[in-house]
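Asker: generate a structure from the sequence data that follows.
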Amino acid sequence: MCRIGYLLCCCFLLSLTVSCVSSGSTKKVVTMPSTDPGRITKQVYSEQSSQTVKSDNKVSESVPKVQNAVRLLPELAQAVENYDIHKALAVFNTIYESCNGQEENTALIDARNRIAPLLETISIEAVNRPTPVNAGSPFTQPFTARVVVTAPGKQFPLYNYPVTVLYPSSGTGSSLKRDLVQTDSDGFLYFTPPIPERACDGTLLFCLYPLKKDIALTDDVTDNLSVSFPYKVATIEKRIPTIISILDYDGNNSPVFSGNITATRLLTGLMKRGFSRIGLDEYHELANADDTSVIRVAQAKIGTAVDRFIFGRTYITIEDTADDTAFICTIRADISIWDFKQARKLHQFTFEHTAAAKTKAQAISLARTGLGETVIAETLNYSL
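Answerer: The predicted structure is shown next:
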């Protein structure tokens with residue numbers, strides 16, 4: 001019995017010891033984080049913590065990029081001095097990327113100033129301007145240009161260099177697409193746009209970007225770092241039944257209700273460009289400022305026989321030349337295109353044309369003829 005009691009006592013003491021050790025371990029797990037507050041934050045707010053770390057990385061990454069741009073400035077200056085064109089352009093592009101294209105960055109400003117003398121030696125010239133095509137048909141030849149460098153005592157092509165090309169995606173060219181083409185070993189660029197689906201009167205531009213800061217298409221886009229081409233796609237909708245009605249005003253600002261030259265010459269110009277099923281009509285309602293009444297009267301008169309309505313007004317101003325040997329007539333036209341089926345205005349244009357002649361009547365006739373047969377007809381050919 002004593003042995004049994006002794007064994008039971010030993011078992012009790014052993015159990016008590018194990019229990020105490022287990023209790024101490026649990027307290028250690030709980031209290032351990034309290035000695036490391038940073039670990040509590042990371043465990044409980046792991047999502048917030050990762051965002052904070054990511055933000056810190058962005059800051060730390062941007063600083064080396066800018067520092068790298070600054071370190072490259074002497075290398076750029078040396079390449080410019082040596083007329084090492086490819087190295088200079090490569091270094092500049094690296095600086096541009098390091099500055100994220102931010103033009104206000106002092107390193108990029110400095111880089112532009114240092115490379116400016118070298119850029120003056122680069123020129124890009126048009127070689128081939130493809131003829132206009134019809135919508136739905138491919139350009140028969142590529143738009144072609146050549147990039148050369150003129151250094152002291154020598155001229156050589158800028159070979160194997162990427163050049164940006166901008167071209168219209170549709171319509172009047174306000175929406176643009178961008179591609180990259182590379183010069184060949186002789187500095188030539190070749191680009192054939194995708195088949196145009198719609199009529200367009202726009203511009204295609206080759207540009208050495210980002211050497212040239214602004215690549216927006218404007219009226220004055222061409223310099224030594226860019227070259228522009230007419231991008232013309234004629235409409236194929238030339239057999240839509242159409243009526244033309246244009247009211248001419250004379251030099252006294254009075255309407256001419258018969259024999260309107262502008263409308264007649266526009267009809268001639270459109271027919272020369274392949275339009276058919278088109279005719280003339282006159283509406284005195286054009287003397288009013290409200291287009292709605294003109295459209296309503298025309299619709300009632302024409303019915304469903306005509307789909308397209310070209311209408312508007314012209315105004316003239318007459319000036320004498322300084323030596324009084326000729327008259328100068330400037331004519332302005334406000335022209336609209338209305339679609340009866342869609343019941344909406346498709347286009348609205350303002351044109352201006354000037355002609356000179358020895359007599360006032362001749363100047364007016366020439367101005368109206370040129371405006372209708374050439375200016376307006378050509379625009380509509382690439383817009384409708």
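
Asker: so what does the residue nearest to T369 when sequence neighbours are not counted look like in phi/psi?
Answerer: Using Cβ to Cβ, 6 or more residues apart in numbering and skipping residues adjacent in sequence, the residue nearest T369 is R265, 4.9 Å away. In short, each C-beta sits where N, CA and C put it, glycine included. For R265, the backbone dihedrals are phi -70, psi -30 (criterion: degrees, to the nearest 10).

Asker: give me the number of residues near R265?
Answerer: For R265, the neighbour count with other Cβ atoms under 10 Å is 22.

Asker: what of T121?
Answerer: For T121, the neighbour count with other Cβ under 10 Å is 17.

Asker: and the helices in the stretch 151-300 of the chain?
Answerer: Ranges of helices within the stretch 151-300 of the chain are 261-272, 291-302, based on DSSP state H, counting those that start in this stretch.

Asker: now the last one: buried residues?
Answerer: In this case it means helix 291-302. Neighbour counts over helix 291-302 (16 or more other Cβ atoms under 10 Å) mark D291, V294, I295, A298 as buried.

Asker: in a markdown table, list those along with pLDDT and distance to E103.
Answerer: Listed next are the buried residues of helix 291-302 as a markdown table, based on pLDDT from 0 to 100; distance: Cβ to Cβ, whole Å:
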| residue | pLDDT | distance to E103 |
| --- | --- | --- |
| D291 | 92 | 45 |
| V294 | 94 | 50 |
| I295 | 94 | 49 |
| A298 | 93 | 53 |
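
Asker: of those, which is the nearest to T94?
Answerer: Among these, D291 lies closest to T94 (Cβ to Cβ), at 56.8 Å.

Asker: relative to E197, how far out is the closest residue in space to that closest one that isn't next to it in sequence?
Answerer: Distance criterion Cβ to Cβ, 6+ apart; nearest residue to D291, sequence neighbours excluded, is S336 at 6.6 Å. For S336, the distance to E197 equals 24 Å [Cβ to Cβ, to the nearest Å].

Asker: try Q342
Answerer: According to Cβ to Cβ, Q342 stands 19 Å off from E197.

Asker: look up how far S228 lies from E125.
Answerer: E125 is 12 Å from S228, by Cβ to Cβ.

Asker: actually D250, not the one I typed
Answerer: The value you get for D250 to S228, if Cβ to Cβ is used, is 39 Å.

Asker: between these two, who's got more neighbours?
Answerer: Set D250 next to S228 and count neighbours by other Cβ under 10 Å: S228 wins out with 20 against 12.

Asker: quick check, the more buried one in contact with L205.
Answerer: Yes. Contact criterion Cβ atoms under 8 Å: S228 and L205 qualify, at 4.9 Å.

Asker: relative to the whole chain's centre, how far out is stretch 277-285?
Answerer: 38 Å (Cα atoms, centre = their mean, to the nearest Å).

Asker: scratch that, stretch 281-292
Answerer: 37 Å.

Asker: what about that stretch, start to end distance?
Answerer: Distance between the two ends of stretch 281-292: 17 Å, counting by Cα to Cα, to the nearest Å.

Asker: list the buried residues in that stretch.
Answerer: By neighbour count on 16+ other Cβ under 10 Å, the buried set for stretch 281-292 is Y283, E285, L286, D291.

Asker: repeat that for stretch 69-86.
Answerer: Neighbour counts over stretch 69-86 (16+ other Cβ under 10 Å) mark A69, V70, L72, L73, L76, A77, A79, V80, Y83, I85 as buried.

Asker: residues contacting it, please?
Answerer: Here stretch 69-86 makes contact (Cβ atoms under 8 Å, 6 or more residues apart in numbering) with 87-88, 91-92, 94-95, 98-99, 105, 107-108, 110-111, 114-115, 117-118, 121-122, 149, 151-152, 158, 161.

Asker: buried members of those into ChimeraX, please.
Answerer: To isolate the buried ones among these in ChimeraX, judged by 16+ other Cβ under 10 Å, type:
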select :88,91,92,94,95,98,99,105,107,108,110,111,114,115,118,121,122,149,158,161
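
Asker: buried ones in stretch 314-329?
Answerer: Buried-residue list, stretch 314-329, by 16+ other Cβ under 10 Å: T314, I316, A326, F327, I328, C329.

Asker: measure the residue nearest to K238 when sequence neighbours are not counted to I244 for me?
Answerer: Computed as Cβ to Cβ, 6+ apart, the closest residue to K238 that is not its neighbour in sequence is F275, at 4.5 Å. Note on F275: its distance to I244, by Cβ to Cβ, is 10 Å.
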